[in-house]
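**Q** Need coordinates for the following:
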Amino acid sequence: MMVDVTKVECLEGSRLLLTFDDGERREVDVAKLLPFDGVFEPLKDPSYFRQVRVNPEIGTIVWPNGADLCPDVLYAAETSAPTEARR
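**A** Numbering: from 1, shown residues only. This next block holds a predicted model:
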């Protein structure tokens, strides 16, 4: 499956609301996907976590230190509150 993230919104804690290029919107808890160590350790700081952005060149979310997550992993992640925005 090849999907790209087109929009990211920060929610509470380590949760993000992601919009994908197929119109799907999913709420994902990043803390359930990975430990916050190594390149992801700065994400423990809520103010740093909120610096997440979409990099359209690679189609996924990134942080200032270069940390990113595969869009397919994000799309397949168990969502805490699934939302759909199909057009």
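**Q** Can you show me the strands along this protein?
**A** Secondary structure of the chain, counting by DSSP state E: strands at 5-10, 15-20, 24-29, 53-55, 60-62, 83-84.
**Q** Give the lowest-confidence helix or strand of this protein, using mean pLDDT as the measure.
**A** strand 83-84 (a mean of 52; mean pLDDT, DSSP states H and E).
**Q** Please write out the alpha-carbon positions of the longest helix along the chain in PDB.
**A** Counting residues, the longest helix found in the chain (DSSP state H) is helix 71-76. This file holds the C-alpha atoms of helix 71-76, laid out as PDB (Å, rounded to 0.1, in the frame of the first residue of the first chain):
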ATOM      1  CA  PRO A  71       3.400   6.600   6.000                       C
ATOM      2  CA  ASP A  72       2.300   3.000   5.400                       C
ATOM      3  CA  VAL A  73       3.000   2.200   9.100                       C
ATOM      4  CA  LEU A  74       1.000   5.200  10.100                       C
ATOM      5  CA  TYR A  75      -1.900   4.200   7.800                       C
ATOM      6  CA  ALA A  76      -2.000   0.700   9.200                       C
END
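**Q** Give me the contacts around that helix.
**A** With contacts defined as C-beta atoms under 8 Å, 6 or more residues apart in numbering, helix 71-76 is touched by 1-5, 18, 20, 24, 26, 28, 33, 59-61. For the C-beta atoms, the positions are set from N, CA and C on the backbone; glycine is no exception.
**Q** Thanks a lot, see you next time.
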